[in-house]
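Student: Need coordinates for the below:
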Amino acid sequence: MVPDMICEAHPWSEWPHDDCSGPGMSSDNWKGFRKKPVVIQAIRMNVAVDIPTLEGTMRCDPGDWIIRGVKGEVYPCKPDIFEATYEEVEE
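Tutor: Got it, this is the predicted structure:
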């Protein structure tokens, strides 16, 4: 038998983003992680387009990238985040 549980849900928008405080969010609980070296596919857009993602329809503006992830999922990525995260693979 599973015991009853009481859970609280808090919208991220209600948490102070500067210090990421909230239930279970103290700085003592955060750990460092390195992104695995996986190869993704991406295309840089020169027009605005709405794309269906796992989280719903998202807007991709001119200059943004559309990424196809390791499981075939697609999502937009702003140029500054893309440049900080990815480098081109020579095939």
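Student: so where do the strands sit in the chain?
Tutor: Ranges of strands within the chain are 41-44, 49-53, 56-60, 65-68, 74-77, based on DSSP state E.
Student: list the contacts for Pro76?
Tutor: Contact analysis of Pro76 by CB atoms under 8 Å, 6 or more residues apart in numbering lists Ile51, Thr53, Met58, Arg59, Cys60, Asp61, Asp64, Trp65, Ile66, Ile67. Every residue, glycine included, has its C-beta placed from N, CA and C.
Student: rerun at 7 Å
Tutor: With contacts taken as CB atoms under 7 Å, 6 or more residues apart in numbering, Pro76 has the following neighbours: Ile51, Met58, Cys60, Asp64, Trp65, Ile66.
Student: what residues are up against the first one?
Tutor: In other words, Ile51. Taking CB under 7 Å, 6+ apart as the definition of contact, the neighbours of Ile51 are Met58, Cys60, Ile66, Val74, Pro76.
Student: switch the cut-off to 6 Å
Tutor: Neighbouring residues of Ile51 by CB atoms under 6 Å, 6 or more residues apart in numbering: Met58, Cys60, Val74.
Student: Excluding chain neighbours, give the residue nearest to the first one in space.
Tutor: The spatial neighbour of Met58 that comes closest, neighbours along the chain excluded (CB to CB, 6 or more residues apart in numbering), is Pro76 at 5.3 Å.
Student: hey, what's Arg68 bridged with?
Tutor: For Arg68, the beta-bridge partners are Gln41, Val74 (DSSP bridges).
Student: Verify the contact between it and Thr53 for me.
Tutor: No - judged on CB atoms under 6 Å, Arg68 makes no contact with Thr53 at a distance of 11.1 Å.
Student: For the protein, which residues score under the pLDDT cut-off?
Tutor: Along the chain, segments meeting pLDDT under 70 span 1-27.
Student: if we can go back for a sec, of the contacts of Pro76, closest to Arg34?
Tutor: The closest of those to Arg34 turns out to be Trp65 (CB to CB; 21.2 Å).
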